[in-house]
Structure formats: structure tokens, C-alpha cells
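> With the input below, show me the fold.
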Amino acid sequence: MVEGHAVQRLATTHRAVLLHRMFRADSPNGRFSAGAAAIDGRVLVRVEAIGKNLFHFYARRGVAGPSTRLPPDDDLVVVHLHFGMSGQFRTAGGPGGRPPPDARPTTRLRLVEAAPDGAPLPGGLVGLVSVSVATAGGPKLFTDALTRPRPRPAARRCSGGSLPDRLAATDRSVGAVLMDQTAIAGVGNIFRSEVCHKARVHPDEPGRGSRRRPPPPSGRTRWICCSAATSTARL
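Numbering: from 1, shown residues only. A predicted model of the protein is given here:
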């Protein structure tokens with residue numbers, strides 16, 4: 001299962017490796033044809049991660065470049081990716097990189113680095129995306145996800161938010177609340193088990209009883225997610 005920390009780490013890698021490059025896009029398995037056409041020949045200008053969700057922002061060439069200023073919203077196409085249980089975003093090629101692998105039956109999106117004239121760049125970067133959800137649209141895709149009231153423990157600024165209050169107000173198990181993406185973003189089954197172990201709380205214990213045992217799961221969740229996001233493992 002792809003955990004939220006891995007998506008955060010992937011976003012950091014994409015900012016370093018893919019940002020401000022132009023890509024030709026297609027959908028090898030045909031399940032993202034319209035979305036691929038919407039970003040074909042555009043430049044990646046921004047990358048964000050929220051929980052297990054990755055967002056790429058693409059702009060027309062000529063208005064994009066290595067600048068902190070983004071183009072107007074009506075010029076941006078946002079691609080939202082959710083990795084599900086076993087999604088991947090593989091990158092290859094580039095100077096000294098390994099040869100790009102072939103697309104798989106599950107590959108929804110293929111990105112091929114392009115030269116300024118729009119032609120595929122020989123030896124350029126290639127990205128192959130296999131995910132459970134792929135959607136293309138305007139910036140509202142991202143802003144809607146960003147404004148949902150849920151803590152994001154792997155984010156740079158997160159205090160745990162309303163998670164302790166949610167636990168104290170429910171008879172659902174602590175483990176179930178930790179896995180609920182509307183309650184806290186980015187926690188999967190592996191982190192659920194680790195957080196409960198560190199907090200000395202059984203995952204099947206009702207949320208109302210979890211405050212009787214310090215330390216609270218919310219603080220442990222942030223510590224574990226941030227530690228994992230800075231590890232050397234790769235998605």
C-alpha cells in the first residue's frame with residue numbers, strides 16, 4: 001500500500017527532477033486519453049501532495065518557466081493522481097539514467113520530455129504512471145482537496161488538528177479513524193499499526209477511550225510520517 005509519506009517524498013523528487021520541463025503525453029491503456037491530451041505539449045510548473053494524492057500543474061509553453069509566479073488559473077491544467085493500493089509513478093531516462101521501461105497494461109499516463117519545438121527529446125526523461133485514480137481539470141481540483149478540514153501529518157506545518165477531538169467523540173476504533181482519509185490524510189495500514197504501537201493504544205480500542213493512555217496518537221502520527229518522508233526509501 002502506498003502511504004502518504006511516500007507521496008510527499010515523490011512530490012519532492014518531482015520538484016527537483018521534472019519541474020519546468022515540457023512533456024508530450026499519451027495514455028498507453030486508453031484510460032486517461034482526454035487528460036493526456038489536455039497536458040500534451042505543456043510544461044510542469046508546480047507539484048503538490050496532500051495525503052495519498054499527488055497534483056501536477058501544467059501550463060502552456062511561453063507562459064511557463066523557472067519562476068515563482070504561476071500562470072493565471074485559466075491557463076493551468078491540474079492532474080490529480082491517487083495511488084490506491086499499488087500505484088506507481090516511474091521515471092527513467094535523462095543524462096546517465098536507466099533506459100525507460102515499456103508501458104504496462106496498467107499504465108494510464110506516459111510523459112516524454114520534449115524539446116522547445118515540442119518534439120520528443122532523445123534521451124530525455126520519461127514518466128510512466130499507474131494509479132487507481134487519474135483526473136484532469138482546473139485548479140479547483142487542488143483547492144477543493146486543500147480546504148477539506150483534515151490534518152496532514154506529513155505536511156510541513158501540521159499540529160494534529162482536530163484528530164484528538166474526533167477520537168474523543170466517536171465509538172469507532174482508533175485504527176478505523178486513523179485509516180479514514182476524511183479524518184487524517186495519508187495514513188495507511190502500515191502507519192496505522194505503527195502509530196498505535198508507539199502510542200500504546202490497541203487499534204480496536206474505541207476512540208472515546210484513547211485519551212486515557214498518553215501519548216495521543218496524533219503526535220505519534222506526525223512524527224512517524226515526517227520521519228518516513230525524509231527516509232531514503234523510494235516509491
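> Surely residue 91 is within a strand?
Yes. Assessed with DSSP: H, G, I helix; E, B strand; the rest coil, residue 91 lies in a strand.
> and the most centrally placed residue in the chain, what helix or strand is that in?
The centroid of the chain falls nearest to residue 54 when counting by Cα atoms, centre = their mean (2.8 Å). Element membership for residue 54 (DSSP states H and E) is strand 53-59.
> Using PDB, write down the CA coordinates of that strand.
Extracted as PDB, the C-alpha positions of strand 53-59 are listed here (Å, rounded to 0.1, in the frame of the first residue of the first chain):
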ATOM      1  CA  ASN A  53      -2.900  12.400  -3.600                       C
ATOM      2  CA  LEU A  54      -0.400  13.900  -6.000                       C
ATOM      3  CA  PHE A  55      -1.200  17.100  -8.000                       C
ATOM      4  CA  HIS A  56       0.700  18.200 -11.100                       C
ATOM      5  CA  PHE A  57       0.100  21.700 -12.600                       C
ATOM      6  CA  TYR A  58       0.700  22.200 -16.300                       C
ATOM      7  CA  ALA A  59       0.900  25.400 -18.200                       C
END
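> which other helices and strands contact it?
If you count contacts as 3 or more Cβ pairs under 8 Å, 6 or more residues apart in numbering; DSSP states H and E, strand 53-59 packs onto helix 4-17, helix 33-39, strand 42-50, strand 77-82, helix 140-146. The C-beta positions use only the backbone N, C-alpha and C, and glycine is treated the same way.
> After the last one, which helix or strand is next? Please name it.
Moving toward the C-terminus from helix 140-146, the first helix or strand encountered (DSSP H and E) is helix 163-168.
> which residues sit against the strand holding residue 54?
7, 10-11, 14, 23, 38-39, 42-49, 70-71, 75-83, 89, 139, 141-142, 145, 185 (Cβ atoms under 8 Å, 6 or more residues apart in numbering).
> tell me the angle of that strand relative to strand 42-50?
Put simply, strand 53-59 runs at 150 degrees to strand 42-50, going by axes from the mean of the first three to the mean of the last three Cα atoms, to 10 degrees.
> Distance from the chain centre to strand 53-59, please.
Distance of strand 53-59 from its chain centroid, counting by Cα atoms, centre = their mean, to the nearest Å, is 9 Å.
> Provide the strand pairings for that strand, with the direction of each partner.
If you go by DSSP bridges, strand 53-59 pairs up with strand 42-50 (antiparallel), strand 77-82 (antiparallel).
> For the residue nearest to residue 15 when sequence neighbours are not counted, report the pLDDT, please.
Nearest residue to residue 15, sequence neighbours excluded (Cβ to Cβ, 6 or more residues apart in numbering): residue 47, at 5.1 Å. We have a pLDDT of 95 for residue 47.
> Residue 47 against residue 20, yeah?
No. Between residue 47 and residue 20 there is no contact under Cβ atoms under 8 Å: 10.7 Å.
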